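Asker: No letters, just coordinates:
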């Protein structure tokens, strides 16, 4: 009975792994990998609710009456390609951050920002 | 590598859940291009993560609590594979029962993607295009010609080592292109369509660029030309919409494109799938070229700096 919900639980476990990586790791690339895992869990959620018992792939053919739901397939199909495009955008931001800060650790970047701000404040006080 | 295996694995269980179109896309994107991009970026930013003073315990608590609440929320959800779940009772019966009469192509996913929800798909294509522009603005570099030649000589010596791989790839690449075109045009009848074909097409070009060096690949496929194609794809899609407006229908209503509504639908879907394929393929290639170009330039810079410091 309750076992019928296992697809949702797997999705939630994957999603939480992704969320944990995003929160707990300071490394920007690891954060993006966490986001990708999170994203895949949403894909799996959509595809798993589209499944119908005894249904087949949604391509019309003679002698088949039961199809799985095509709508989530459409949404996820486009979302995968959009996902890789946006991930690439995120990665390019990481590359630029690496070039200007020479680090992709969140804390080091923050530290550099703070130091810069402090020196700026000092200069303003002196003036 | 793990990401690649993960992508392939998710593709295989999408097949198990009858989503062949999605599995196709995931196999091409997840196992191929995204892994490649990750590797390029990691090679640019360094492999090691510095040990941080982050405390993982609060994060762990947040995750456990959210997960617990979500699992509590699933208790009322319909069971896996049940036929009477709300999702199967609203719009999808119409897609399944009527799409053959209204659109006239067997693959329901394609008819929903390209006809019923064409406006939505147009938005997605624009998002991909915008992401391509974003990567271009962030990473594109003005290249000096003489640098190219020096990089090329480095590449030549490097690529001599992979002779077998290069020859095999040379034989494979035409077939990959052919397969991409098949996927593009067969999308009405089997799994496939513009998104998948675009990614496969791009991966053939990327394979070429990886094995023969970026400079050679850029000689074969001019980057300005590819950027032009990316814009052309979006334009093609949009102009189909405008054409149907001109013929007295709604935006992207293909029935008015021809005297016979079914022919109109076929025509409309064919053209917009072309638009999608063009944009996706060229944006993927542009993204890869810019990442790899940035990396090559950096290596080159390091090398010349080393030379200066040693003399």
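Answerer: Structure's in. What do you need? Note that this is a predicted model, so its numbers are computed, not measured.

Asker: Look through chain A and state the residue closest to chain B.
Answerer: Here chain A gets closest to chain B at one residue, residue A:4, 3.1 Å apart by Cβ to the nearest Cβ. Placement of C-beta: from N, CA and C, glycine included.

Asker: Return the distance of that residue relative to residue B:293.
Answerer: To residue B:293, residue A:4 is 51 Å away according to Cβ to Cβ, to the nearest Å.

Asker: returning to what we had before: skip the chain neighbours and tell me the closest residue to the residue of chain A closest to chain B.
Answerer: Closest residue in space to residue A:4, ignoring its immediate chain neighbours: residue B:79 at 3.1 Å, by Cβ to Cβ, 6 or more residues apart in numbering or on different chains.

Asker: ok, the residue nearest the centre of chain A - contacts?
Answerer: By Cα atoms, centre = their mean, the mean C-alpha position of chain A lies nearest to residue A:35, the distance being 2.7 Å. Going by Cβ atoms under 8 Å, 6 or more residues apart in numbering or on different chains, residue A:35 touches A:18, A:22, A:87, A:90.

Asker: Give the buried residues for whichever helix in chain A runs longest.
Answerer: Selection of the longest helix in chain A by residue count, based on DSSP state H, yields helix A:70-101. Across helix A:70-101, burial judged by 16 or more other Cβ atoms under 10 Å in any protein chain shown covers A:70-95, A:97-98.

Asker: What about chain B: which of those residues touch it?
Answerer: Of the residues in the buried residues of helix A:70-101, proximity to chain B by Cβ under 8 Å from any Cβ of the partner chain holds for A:70-74, A:76-89, A:91-95, A:98.

Asker: need the helices for chain B, in chain order.
Answerer: Using DSSP H, the helices of chain B run over residues B:2-16, B:20-28, B:34-45, B:56-74, B:92-102, B:108-111, B:118-139, B:145-159, B:163-186, B:194-212, B:214-220, B:223-246, B:261-310.

Asker: which sections of the chain are below the confidence cut-off?
Answerer: Here I'm looking at chain A. A:1-3 (pLDDT under 70).

Asker: not what I meant, chain B
Answerer: When residues are selected by pLDDT under 70, those of chain B lie in B:1-18, B:47-55, B:141-161, B:310-311.

Asker: domain ranges for it?
Answerer: B:1-45, B:104-305 (automatic domain parsing).

Asker: Out of the ones you listed, which one sits most buried?
Answerer: Stretch with highest mean neighbour count among the domains of chain B: domain B:1-45 (a mean of 20; mean count of other Cβ atoms under 10 Å in any protein chain shown).

Asker: Leaving out sequence neighbours, find the closest residue to residue B:289.
Answerer: Nearest residue to residue B:289, sequence neighbours excluded (Cβ to Cβ, 6+ apart): residue B:223, at 5.9 Å.

Asker: swap in residue B:112?
Answerer: residue A:74 (4.7 Å).

Asker: Same check on residue A:14?
Answerer: residue A:41 (3.8 Å).

Asker: any idea which element that neighbour lies in?
Answerer: helix A:28-50 (DSSP states H and E).

Asker: Could I get the buried residue list for that helix?
Answerer: When burial is assessed from 16+ other Cβ under 10 Å, helix A:28-50 yields the following buried residues: A:28-29, A:31-50.

Asker: Check the offset of that helix from the chain's centre.
Answerer: The chain centroid and the centroid of helix A:28-50 are separated by 5 Å, computed with Cα atoms, centre = their mean, to the nearest Å.

Asker: Same question for stretch A:86-105.
Answerer: Distance of stretch A:86-105 from the chain centroid (Cα atoms, centre = their mean) equals 16 Å.

Asker: now swap in stretch B:208-217 and tell me
Answerer: 20 Å.

Asker: Now do the end-to-end distance for it.
Answerer: End-to-end distance of stretch B:208-217 (Cα to Cα, to the nearest Å): 7 Å.

Asker: got a list of what residue B:284 touches?
Answerer: With contacts defined as Cβ under 8 Å, 6+ apart, residue B:284 is in contact with A:84, B:33, B:198, B:199, B:202, B:203, B:206.

Asker: same thing but 6 Å
Answerer: Residue B:284 sits next to residue B:202 when contact means Cβ atoms under 6 Å, 6 or more residues apart in numbering or on different chains.

Asker: Could you report the distance from it to residue B:180?
Answerer: For residue B:284, the distance to residue B:180 equals 12 Å [Cβ to Cβ].

Asker: same deal with residue B:20?
Answerer: Taking Cβ to Cβ, one finds residue B:20 at 17 Å from residue B:180.

Asker: Leaving out chain neighbours, which residue sits closest to residue A:60?
Answerer: The nearest residue in space to residue A:60 (Cβ to Cβ, 6+ apart) is residue B:106, at 4.2 Å.
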